[in-house]
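# Curious how this folds, go ahead:
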Amino acid sequence: MKIDQGVPMIASRIIRLSLILLLALPSLAHAYTDPGSGLLLWQLLGSFFVGLLFYFKHIITYLKGLFNKDDQR
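Here you go, the predicted structure:
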């Protein structure tokens, strides 16, 4: 018995079209954001990037240590 491949493709197109329409058509958001919310977002982004710097620094020093062990012997 052969499985029809047309149904998943149609479903995929419907989902994709729905997502595009959802993002493209504006809707009213009856909400309020205070200034502290924006500062919280900036703090979150800043701490994320500083954390990434420390993480990559740890990886780089670990890799340098692997290569420097051969030089010390």
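# Can you pull out the low-pLDDT segments for the chain?
1-7, 70-73 (pLDDT under 70).
# all helices of it, in order?
Listed in chain order, the helices of the chain (DSSP state H) span residues 6-24, 35-72.
# can you redo the ones you listed as a markdown table with mean neighbour count?
For the C-beta atoms, the positions are set from N, CA and C on the backbone; glycine is no exception. Shown next, in a markdown table, are the helices of the chain (neighbours: other CB atoms under 10 Å):
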| stretch | mean neighbour count |
| --- | --- |
| helix 6-24 | 9 |
| helix 35-72 | 9 |
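# for Q43, what are its contacts?
Contacts for Q43 (CB atoms under 8 Å, 6 or more residues apart in numbering) come out as none.
# ok, so what distance separates it from F54?
16 Å (CB to CB, to the nearest Å).
# Could you do L25 as well?
The spacing between L25 and F54, counted by CB to CB, is 42 Å.
# Repeat that for L17.
Between L17 and F54 the distance, using CB to CB, works out to 43 Å.
# Ok, G36 next?
Distance, G36 to F54, using CB to CB: 26 Å.
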